[in-house]
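Asks: quick one: sequence plus predicted model below, questions after.
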Amino acid sequence: MVSGAEPSREELLALVKAQAATITQLQATVTALQAEVTELKRQLGRNSGNSSQPPSADGPAVPNRAARRRAGRDQARKPGKQPGAGGTTLSVVADPDEIIDHTPTTCGGCGDSLDEAGSGTDAAAVIRRQVHDIPDPAQITTRVREHRLHQRRCGCGHLTRAQAPAGVNAPACYGPNLRALAAYLLVYQHIPVARTAELIADLTGARPSTGWVSSTLAPTAAAVAEPNKVILDEVRAAPVVHVDETTSNINGARWWLHVASTSTLTAFHLHPSRGRAAVTEFDVLPNYRGTLVHDSLTLYDAYDQARHALCGAHLVRELTAAAETHPERIWPEQAIRVLHQLNTAAHHARDQGLPQIPPEIIDPLLRSFRHAVIVGLAEHPRRPGARQPPTRNLLQRLGLRVEQVLLFARDLTVPFTNNQAERDLRPTKTQLKISGCHRSADTARAWLAIRGYISTARKHGRNVFQTLRDAITGNPWTPRTA
């Protein structure tokens, strides 16, 4: 084009075409950037209420889950224990160990003497006040019991020595009570090795080394090995099993901890991987034909001989994230509301001894939930390519697996959440926060063997310390003897 001359029609068309291409490219860039900003906002807004992030990871500006629950409930709710919730009270015993009488000697009214020899004194009621305490902290101390292994020589010349009791295998050693106490403090109370040694020294007067404290784990794990096999067999036979997995730290390397549990059983399995190899080695799912409750991890879908139920708490958190990402949409809140209503209806039906939620209650709620999913799928159509936004992935899961999502409402033996598995995994995360990592896989497996055993015992109402001592002394408890 000559400078100063009017552009030709062809030149104008070429310019328009180039601008249109630039606009198309810029629109695509803006769309990609908007999607990236949305994803970054979603990640920055992640908290324990809209993701699987634990409450401990919430920032100080994020209200914790308890605060959010309180904000959404009626403010007239009284604080503290609610009606119907269980509680414990220190009660007066009928036969106290010691009785100390306190008798007034002077009248609080007129000042006269109240001695038995005085005139006009009558015995009135006795008010009982009992104090539960350790008799004398100084008496909590170790006792040294010596075993003398005598030898006798027979007339034939053979020398025979008496056999030492089980566990008495050194000139000086600590007994089963101290070994059980060390294992109890290390595994159940999450007290580090050095502090466990200090606590035992302060309470009992014994002076165990940190090496001895650490060494109690392996033999204690061996003592509960047979009961743990029974626990695993019971888990395999349970009609409903909760499964989950989380990371573990073995001397700086990431391993995976798998759990299979019920309200009365806990079984752990440690493995370097998260996938099929770990689950196959755990040997709970390959032949399991009951109901699996889980968080919809793809790993579990391969075991299709079992019936699957998806965790409602996970779904509610994902729906909350969708509501926060798309505040103009109605369907996420509707789906959340229906899930909670179905859960409440399931609890009421169980409390009333009903075999199922009455049809007049469940049917409208199921229709409302399906309607929310249909609307969501229409408002969030599939994008080109394999990778889809989290909201679309959630809606596809709710649509394709609706029977697994709502199984808890159709079968009252199935719980709404997978909280049981998460509760059983939580102590292992507490241990890692305190100690940082396990020094070796063998140490971690020993710790988990003991933890699974005492978790099961605790679910059966057993005293953890006594249960550990019984196992160490060769009389282990198992669920079949409960």
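Replies: Sure thing, it's come through.
Asks: may I see the buried residues of the host helix or strand of His242?
Replies: For His242, the enclosing helix or strand under DSSP states H and E is strand 240-250. Using 16 or more other Cβ atoms under 10 Å as the burial criterion, the residues of strand 240-250 that qualify are 240-246, 248, 250. In short, each C-beta sits where N, CA and C put it, glycine included.
Asks: and that strand, what does it pack onto?
Replies: Helices and strands touching strand 240-250, by 3 or more Cβ pairs under 8 Å, 6 or more residues apart in numbering; DSSP states H and E, are strand 253-261, strand 291-294, helix 419-435, helix 441-459.
Asks: worst mean pLDDT among the ones you listed?
Replies: With a mean of 92, helix 419-435 has the lowest mean pLDDT of these.
Asks: can I get that helix in PDB? Just the C-alpha atoms.
Replies: This file holds the C-alpha atoms of helix 419-435, laid out as PDB (Å, rounded to 0.1, in the frame of the first residue of the first chain):
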ATOM      1  CA  ASN A 419     -15.700 -41.200  59.300                       C
ATOM      2  CA  GLN A 420     -15.000 -44.600  60.900                       C
ATOM      3  CA  ALA A 421     -11.900 -45.100  58.700                       C
ATOM      4  CA  GLU A 422     -10.800 -41.500  59.100                       C
ATOM      5  CA  ARG A 423     -11.100 -41.700  62.900                       C
ATOM      6  CA  ASP A 424      -9.000 -44.900  62.900                       C
ATOM      7  CA  LEU A 425      -6.300 -43.200  60.700                       C
ATOM      8  CA  ARG A 426      -6.200 -40.000  62.700                       C
ATOM      9  CA  PRO A 427      -4.000 -41.300  65.500                       C
ATOM     10  CA  THR A 428      -1.300 -42.400  63.000                       C
ATOM     11  CA  LYS A 429      -1.200 -38.800  61.700                       C
ATOM     12  CA  THR A 430      -0.900 -37.500  65.300                       C
ATOM     13  CA  GLN A 431       2.100 -39.800  65.800                       C
ATOM     14  CA  LEU A 432       3.800 -38.400  62.700                       C
ATOM     15  CA  LYS A 433       3.200 -34.800  63.800                       C
ATOM     16  CA  ILE A 434       4.800 -35.500  67.100                       C
ATOM     17  CA  SER A 435       7.700 -37.700  66.000                       C
END
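Asks: buried sites along it?
Replies: Those would be 419-425, 427-429, 431-432, 435, for helix 419-435 by 16+ other Cβ under 10 Å.
Asks: just name whatever secondary elements that helix is in contact with.
Replies: Partner elements for helix 419-435 (3+ Cβ pairs under 8 Å, 6+ apart): strand 240-250, strand 253-261, strand 291-294, helix 441-459.
Asks: same thing but 7 Å
Replies: strand 240-250, strand 253-261, helix 441-459 (3 or more Cβ pairs under 7 Å, 6 or more residues apart in numbering; DSSP states H and E).
Asks: and Val168, which of those is closest to it?
Replies: Closest to Val168 of these, according to Cβ to Cβ: helix 441-459, at 22.6 Å.
Asks: who touches the closest one?
Replies: Taking Cβ atoms under 7 Å, 6 or more residues apart in numbering as the criterion, the residues outside helix 441-459 that touch it are 183, 187-188, 217-218, 220-221, 224-225, 227-228, 231, 248, 250, 263-268, 270, 424, 427-428, 438, 464, 467-468, 477, 479.
Asks: and these, which of them are buried?
Replies: 183, 187-188, 217, 220-221, 224, 227-228, 231, 248, 250, 265-268, 270, 424, 427-428, 438, 464, 467-468, 477, 479.
Asks: span of stretch 183-201 from start to end?
Replies: 15 Å (Cα to Cα, to the nearest Å).
Asks: hmm, back to that, need the buried residues of strand 240-250 in a markdown table (columns: distance to Arg179).
Replies: Formatted as a markdown table, these follow (distance: Cβ to Cβ, whole Å):
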| residue | distance to Arg179 |
| --- | --- |
| Val240 | 36 |
| Val241 | 32 |
| His242 | 32 |
| Val243 | 33 |
| Asp244 | 31 |
| Glu245 | 31 |
| Thr246 | 29 |
| Ser248 | 25 |
| Ile250 | 25 |
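Asks: now, which of these sits nearest Ala323?
Replies: Using Cβ to Cβ, Asp244 comes nearest to Ala323 of those, at 25.0 Å.
Asks: how near is the closest one to Gly399?
Replies: Distance from Asp244 to Gly399, counting by Cβ to Cβ, to the nearest Å: 24 Å.
Asks: swap in Leu342?
Replies: Note on Leu342: its distance to Gly399, by Cβ to Cβ, is 17 Å.
Asks: now do Ser263
Replies: Ser263 is 31 Å from Gly399, where distance means Cβ to Cβ.
Asks: ranges for the strands of this structure?
Replies: 151-153, 159-161, 240-250, 253-261, 266-271, 291-294, 307-310 (DSSP state E).
Asks: how many residues are close by the closest residue to Leu377 other than its chain neighbours?
Replies: In space, and not counting its chain neighbours, Leu377 is closest to Leu395: 5.1 Å by Cβ to Cβ, 6 or more residues apart in numbering. For Leu395, the tally of surrounding residues (other Cβ atoms under 10 Å) stands at 28.
Asks: pLDDT score for Leu395?
Replies: What the model reports for Leu395 is a pLDDT of 95.
Asks: contact partners for it?
Replies: Taking Cβ under 7 Å, 6+ apart, one finds 373, 376-377, 380 in contact with Leu395.
Asks: and Val405, how far is that from Glu379?
Replies: Following Cβ to Cβ, the distance that separates Val405 from Glu379 is 19 Å.
Asks: ugh, wrong one, I meant Val284
Replies: 40 Å.
Asks: neighbour count: those two, which is higher?
Replies: Val284 (21 against 14).
Asks: which one is that one nearest to, not counting chain neighbours?
Replies: Ala260 is the one closest to Val284 (Cβ to Cβ, 6+ apart), at 4.5 Å.
Asks: distance of the one you found relative to Cys311?
Replies: 15 Å.
Asks: tell me which of these two has more neighbours.
Replies: Ala260 (28 against 24).
Asks: pretty sure that one contacts Ala237?
Replies: No: contact criterion Cβ atoms under 7 Å: Ala260 and Ala237 do not qualify, at 11.8 Å.
Asks: one step back: pipe the buried residues of helix 419-435 into JSON lines and attach distance to Arg143 per row.
Replies: Shown next, in JSON lines, are the buried residues of helix 419-435 (distance: Cβ to Cβ, whole Å):
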{"residue": "Asn419", "distance to Arg143": "45"}
{"residue": "Gln420", "distance to Arg143": "42"}
{"residue": "Ala421", "distance to Arg143": "43"}
{"residue": "Glu422", "distance to Arg143": "43"}
{"residue": "Arg423", "distance to Arg143": "39"}
{"residue": "Asp424", "distance to Arg143": "37"}
{"residue": "Leu425", "distance to Arg143": "40"}
{"residue": "Pro427", "distance to Arg143": "33"}
{"residue": "Thr428", "distance to Arg143": "35"}
{"residue": "Lys429", "distance to Arg143": "38"}
{"residue": "Gln431", "distance to Arg143": "32"}
{"residue": "Leu432", "distance to Arg143": "37"}
{"residue": "Ser435", "distance to Arg143": "32"}
